[in-house]
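> Structure for this input, please:
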Amino acid sequence: MVPVMDVTLDRRGLIAGVVFSLLLTLAVYLGSQRFHGFDGALAGYCFATVFALFGVVYRYAVWLQRPATRVYWKRGWELFWQPGQRLRNTLLFFKMGWEKMLEQRFIRKRSRDRWLAHQLIFWGCVIAILITFPLTFGWLRFESDFTHPSNYLVVLFGQRLEFFTFPARGVIGWLFMHGLNIAAVLCLAGISLAVGRRVKDEAEISTQRFDNDIMPLVLLFAVSVTGMMLTVSNMFLEGKFYYWITTTHAVTVMLWLLYLPFGKFFHIFQRIANVGVWFYKAAGANGPQAECARCGEAYTSAMQREDLKAILPDLGFDYRNNEQAVDNWQNLCPGCRRKLMTLNQFRVTGKEFM
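Below is the predicted model of the structure:
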């Protein structure tokens with residue numbers, strides 16, 4: 001008999017995902033003026049997006065329940081809202097947000113090629129999401145200006161922005177009409193750099209996995225190419241193969257959206273929660289330091305040591321020992337831990353330490 005896997009859904013994550021999906025559906029209903037501005041041809045994209053975001057919220061809620069993540073999240077917000085530091089912390093939040101999430105300076109320190117690939121893919125995806133999500137939800141559309149039929153104006157949440165009109169064949173019009181093509185070119189350039197590094201770098205070759213490292217690039221490549229082929233069919237092929245390309249593009253986009261909560265792209269959302277880690281590290285560096293019970297050297301923040309003592313038993317690693325002079329292994333610095341382990345190994349084997 002084939003063993004049956006016992007799959008249990010997390011209750012809190014399920015509730016969070018359902019509530020978010022219901023609120024998003026309500027926002028689509030109201031934002032599209034009760035579906036008056038909703039494009040039925042995009043219904044499949046809309047459903048896949050709602051489902052994908054349900055998966056993201058579900059997994060995010062489960063992830064935040066992990067002991068280490070929960071402590072970082074809780075402590076991060078406590079440190080952010082501490083009295084007298086809120087203005088400073090707000091400025092620090094934007095500074096770190098720029099360096100860590102937008103500029104991604106930590107990747108540039110590792111490798112400029114890796115950083116450039118991340119930047120191209122990141123901004124390509126951001127541009128595509130900023131365009132497609134509002135259009136899919138019916139929150140954004142373009143209409144002809146009644147007074148100047150050759151111009152377009154923006155309709156946002158059902159409100160005609162009369163002050164924002166632009167020529168259909170002008171620069172702004174071209175950017176709006178080809179925004180997704182620009183995003184696709186950025187993604188394809190980033191994918192090319194990423195694939196080139198994974199093919200040439202021996203370290204990458206030895207550690208990469210298809211499902212976690214290659215599959216995201218394959219899906220993103222398929223979405224970008226099929227999306228650009230729509231423009232090619234419309235502008236250069238007189239609409240030939242347009243229906244087939246549209247169907248193929250829809251399938252690739254939906255597959256990418258469904259993969260989003262469960263693949264490597266989920267780390268984009270995890271990066272947001274790193275705000276708590278930043279404040280935690282900053283507070284630890286500026287706060288009291290923990291000294292080793294054996295050598296007296298400072299080796300970490302006192303806050304982190306106490307949190308480790310509380311977290312590790314929940315993970316099955318209980319280093320408490322009331323029979324020894326050092327009642328907890330976490331009270332020792334890494335160097336002293338290695339020394340004591342070596343001494344104990346010699347003691348157990350009956351050999352003398354020279």
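
> M101 touches I272, doesn't it?
Yes. Using Cβ atoms under 8 Å, M101 is in contact with I272, at 7.3 Å. For the C-beta atoms, the positions are set from N, CA and C on the backbone; glycine is no exception.

> where in the stretch 51-200 of the chain is pLDDT low?
Of all residues in the stretch 51-200 of the chain, none has pLDDT under 70.

> what about the helices in it?
Applying DSSP state H, counting those that start in this stretch to the stretch 51-200 of the chain gives helices spanning 67-80, 86-96, 105-110, 112-137, 171-177, 179-200.

> now the stretch 201-350 of the chain
Under DSSP H, counting those that start in this stretch, the stretch 201-350 of the chain gives helices at 202-207, 215-236, 242-259, 267-286, 302-311, 334-349.

> Switch the ones you listed over to CSV; also include mean neighbour count, mean pLDDT and distance to N151.
Formatted as CSV, those follow (neighbours: other Cβ atoms under 10 Å; pLDDT from 0 to 100; distance: least, Cβ to Cβ, whole Å):
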stretch, mean neighbour count, mean pLDDT, distance to N151
helix 202-207, 10, 70, 50
helix 215-236, 18, 92, 21
helix 242-259, 17, 91, 26
helix 267-286, 16, 77, 36
helix 302-311, 16, 86, 59
helix 334-349, 12, 82, 67
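
> and H148, which of those helices is closest to it?
helix 215-236 (24.2 Å; Cβ to Cβ).

> For G296, give me the backbone phi and psi.
Dihedral angles of G296 (phi, psi; degrees, to the nearest 10) stand at phi 80, psi 0.

> burial measure for it, as a count.
For G296, the neighbour count with other Cβ atoms under 10 Å is 9.

> do the one 5 residues further on as well
The burial metric for S301, expressed as a neighbour count using other Cβ under 10 Å, is 19.

> What sits closest to it if chain neighbours are left out?
Among residues not flanking S301 along the chain, G284 sits closest, at 3.1 Å (Cβ to Cβ, 6 or more residues apart in numbering).

> again with L156
Spatially, and ignoring its direct neighbours in sequence, L156 is nearest to L140 (5.7 Å; Cβ to Cβ, 6+ apart).

> Look up how far M303 lies from the one you found.
Separation of L140 from M303 (Cβ to Cβ, to the nearest Å): 45 Å.

> Then T342?
With distances taken as Cβ to Cβ, T342 is found 30 Å from M303.

> hang on, isn't E99 packed against R105?
Yes. E99 is in contact with R105 according to Cβ under 8 Å; the separation is 4.8 Å.

> Report the contact partners of the residue nearest to S301.
By Cβ atoms under 8 Å, 6 or more residues apart in numbering, the contact list for G284 reads 300-301, 303-304.

> residue contacts, Q270?
Here Q270 is in contact with 60, 63 (Cβ under 8 Å, 6+ apart).

> before we move on, what about E291?
297-299 are the contacts of E291 under Cβ under 8 Å, 6+ apart.

> Of those, which count as buried by neighbour count?
Neighbour-count burial (16 or more other Cβ atoms under 10 Å) is assigned to none of the contacts of E291.

> I'd like to know which of those is nearest to H36.
Y299 (63.1 Å).

> So the closest one sits against N331, correct?
No. At 10.0 Å, Y299 does not count as touching N331 under the criterion of Cβ under 8 Å.
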